[in-house]
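Q: return a 3D structure for these sequence lines:
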Amino acid sequence: MTFRFAFFSVFNFLRRFGWLLLGVVALSACDGRPGASTAAAGPDASASPAAPAYVGATYAPVSGKPQPSAAQLSAIGQRIFFDTSMSASGTQSCASCHDPAHAYGPSNALSVQLGGADGRTPGPRAAPSLRYLQTLTAFSEHHHDNDGDDSIDAGPTGGHMWDGRAGSAHEQAGLPLLSSAEMGNASVAIVAGKLEKAGYANDMRQAFGDEVFDNPDTAFKAAGLALEVFQESPTDFYPFTSKYDAVLRGQQKLDAAESRGLKLFNAADKGNCAACHLSERTPDGAFPLFTDFGMIAIGVPRNRALAANADPAFHDLGLCGPLRTDLADHPEYCGLFRTPTLRNVAVKQAFFHNGVFHLLDEAVRFYAQRDTAPARWYGRGAEGKVQPYDDLPSKYHHNVNVEAPFGQRPGAKPALTEAEIRDVVAFLGTLTDADAAAAGRAASTLRPPQSSRN
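A: Next up is the predicted model:
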């Protein structure tokens, strides 16, 4: 699959076109010319026509109300992002789990971050980086890449969060605020009350109108929009300042190990990483995001250090639950999680949705040896027999991907040797943005913690 999305981010949309385009849409929707597209109100021709589709949309202009600029929204969103008063504990902000110095990902090696009303409640999944999500589309069960061949159905793709349940960045921004294991606020009204007392409350009134706090839902929606626009800031969230970006610009060259690693990364019979983590420029010249945003099950080992996993009957099934509920009747989706970007992966200290691995080379080694050495990765049952894919009920094992580098028999030669794993890791280090380089160097010196799997 080739990732070829080529559309404006919210930030550029607002900055370049303001609300002009939406105004044009509004006018055209009211166009009474013959043939103008309107929604049918039913068989009664005298019935009132349906409201235009843009009414109530997050970005739609509202008559008589100010239209905030992208700069206003971004400034407000940035203040909300770093505001610890927005948490129930009063000690946690969005930046606590999404540290700018760590490419807007966690600054520690915890498998899942701690939050909630007490600040000590473990989250349900590992916190990802917020970078390079500006072209992430809403979730679709049938995705077709913009690669000139619409006949290829890429299957479930897109959506924010590991299971794609949030359809937009502003929707995603609201979920941690209300999660009992994250920011810990019990209701939208509580969040709105905190916003009204914040030091930037007047900025919100200027941007959204004096009555923005009259309705908690309106204030919450405004905060989500501001957070979304802040997260579209190019400098902060998609800088493209890694060594690999410099290589693509012709400004630097990969060293010998990095070059070997890139070849192994792309080779279909070796790492085959580029099948999901696209590594080449798109045909329109866009730099690769190192993800296709697709959903995939790879049989990650059970992390027995997680509190939820103390219950042997509990399983995080990703796309089909428990956090996402609308696809619970799709067993073919159980065990699938969204493919993350590998940009800044060398800065991370916890890998996969459950944070089961803490070293990058171990995560790569899992790909190479999952099926050839299952005893290394999975727990054993009561009879002492290794249980492959031990974090997924056996009835869903057929969902696990077996394409290269997976698919070999136990005891067979793994797809990558130890030397080749080191080369792939060397290449992955070239994907670290310049402002996260120090965090990447620190992560590379870490020693593996005691196993949390078996």
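
Q: contacts and neighbour counts: CA atoms only from here.
A: Fine.

Q: can you pull out the helices in the protein?
A: Taking DSSP state H, the helices of the chain run over residues 10-17, 20-29, 70-81, 94-97, 169-178, 188-197, 201-208, 216-230, 234-237, 243-248, 256-266, 360-369, 418-428, 437-444.

Q: tell me which of the ones you listed sits most buried.
A: Most buried of the helices of the chain, by mean neighbour count (mean count of other C-alpha atoms under 10 Å): helix 216-230, with a mean of 23.

Q: any idea of the mean pLDDT for it?
A: Averaging pLDDT along helix 216-230 yields 96.

Q: that helix vs helix 201-208, what angle?
A: 90 degrees (axes from the mean of the first three to the mean of the last three C-alpha atoms, to 10 degrees).

Q: before we move on, the earlier item: I'd like the helices of the chain as TSV, with distance to residue 381 appended.
A: Converted to TSV, the helices of the chain look like this (distance: least, C-alpha to C-alpha, whole Å):
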stretch	distance to residue 381
helix 10-17	50
helix 20-29	59
helix 70-81	44
helix 94-97	35
helix 169-178	36
helix 188-197	45
helix 201-208	56
helix 216-230	45
helix 234-237	44
helix 243-248	44
helix 256-266	34
helix 360-369	20
helix 418-428	29
helix 437-444	34
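
Q: lowest-confidence stretch among these?
A: helix 20-29 - the lowest mean pLDDT of the helices of the chain, at a mean of 37.

Q: dump the residue contacts of residue 80.
A: With contact set as C-alpha atoms under 8 Å, 6 or more residues apart in numbering, residue 80 has these partners: 86, 223, 227.

Q: out of the helices of the chain, which gets nearest to residue 342?
A: Among the helices of the chain, the nearest to residue 342 by C-alpha to C-alpha is helix 418-428 (7.5 Å).

Q: counting contacts, what elements does that closest one pack onto?
A: Under the contact criterion of 3 or more C-alpha pairs under 8 Å, 6 or more residues apart in numbering; DSSP states H and E, helix 418-428 touches helix 256-266, helix 360-369.

Q: I'd like to know which helix or strand in the protein has the lowest mean pLDDT.
A: When the helices and strands of the chain are compared on mean pLDDT, DSSP states H and E, helix 20-29 comes out lowest with a mean of 37.

Q: on that earlier part again, among the helices of the chain, which is nearest residue 397?
A: With C-alpha to C-alpha as the criterion, residue 397 lies closest to helix 360-369 of the helices of the chain, at 16.5 Å.

Q: hey, C-alpha coordinates of the closest one in CSV?
A: Extracted C-alpha coordinates of helix 360-369, given in CSV (Å, rounded to 0.1, in the frame of the first residue of the first chain):
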residue,chain,number,x,y,z
LEU,A,360,14.0,-0.7,20.5
ASP,A,361,16.2,-3.6,19.6
GLU,A,362,14.0,-6.0,21.6
ALA,A,363,10.9,-4.8,19.7
VAL,A,364,12.7,-5.4,16.4
ARG,A,365,13.9,-8.8,17.6
PHE,A,366,10.3,-9.7,18.4
TYR,A,367,9.3,-9.1,14.8
ALA,A,368,12.2,-11.3,13.6
GLN,A,369,11.8,-14.1,16.0
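
Q: need the residues that contact it.
A: Taking C-alpha under 8 Å, 6+ apart as the rule, helix 360-369 contacts 271, 345-346, 348-349, 351, 357, 377, 405-406, 414-416, 421-422, 424-425.

Q: surely residue 137 touches residue 161?
A: No - counting by C-alpha atoms under 8 Å, residue 137 stays clear of residue 161, with 11.9 Å between them.

Q: these two: which is more packed in?
A: Under the criterion of other C-alpha atoms under 10 Å, the comparison of residue 137 against residue 161 puts residue 161 first, with 22 against 18.
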